[in-house]
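Chemist: Could you look at this predicted model? Sequence included:
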Amino acid sequence: MPAHISRDDVAHVAKLARLSVDDAELDTFTAQLGAILEHAEDVEALDLADVPPTSHPFDLVNVLRPDEPGATLTSDAALAGAPQAEDGRFRVPTILGEAP
């Protein structure tokens with residue numbers, strides 16, 4: 001993987017993405033993408049033959065509490081904090097101009 005990227009390459013990618021970039025941005029993006037490619041080259045050069053594939057560097061376990069039934073809110077208590085309520089339900093604005 002070549003680490004060198006030219007201004008023309010960046011301009012071409014910007015054109016494909018339909019991005020308008022000026023000369024200063026081309027210089028900035030060329031330098032930034034070049035640094036990213038150099039880093040990718042460094043990673044590619046690592047010997048990872050004995051490293052098992054992982055999805056995360058640390059062993060993770062769920063830290064969820066057990067799901068146990070408990071006291072719940074009454075309808076009136078749940079609706080008490082609502083900006084608007086009607087007929088025992090939350091009242092929300094209509095969506096896409098449709099009437100209920």
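Modeler: Sure thing, it's come through. These numbers come from a predicted model, not from an experiment.
Chemist: would you list every one of the strands in the chain?
Modeler: Assigned by DSSP state E, the strands in the chain fall at 85-86, 89-90.
Chemist: now the last one: how far from the chain's centre is it?
Modeler: Offset of strand 89-90 from its chain centre (CA atoms, centre = their mean, to the nearest Å): 32 Å.
Chemist: what's the top helix by length along the chain packed up against?
Modeler: Counting by DSSP state H, the longest helix found in the chain is helix 23-44. Counting contacts by 3 or more CB pairs under 8 Å, 6 or more residues apart in numbering; DSSP states H and E, helix 23-44 is packed against helix 7-16. Any C-beta I mention is one placed from the backbone N, CA and C, and that applies to glycine too.
Chemist: Where does the prediction get shaky in this structure?
Modeler: Within the chain, the set of residues satisfying pLDDT under 70 comprises 1-3, 97-100.
Chemist: can you redo the strands of the chain as CSV with distance to residue 78 and mean neighbour count?
Modeler: Output for the strands of the chain, formatted as CSV (distance: least, CB to CB, whole Å; neighbours: other CB atoms under 10 Å):
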stretch, distance to residue 78, mean neighbour count
strand 85-86, 9, 13
strand 89-90, 8, 11
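Chemist: Against residue 9, how distant is residue 16?
Modeler: Relative to residue 9, residue 16 is positioned 11 Å away (CB to CB, to the nearest Å).
Chemist: again with residue 91
Modeler: Shown here: residue 91 relative to residue 9, a distance of 55 Å by CB to CB.
Chemist: do the same with residue 44
Modeler: For residue 44, the distance to residue 9 equals 19 Å [CB to CB].
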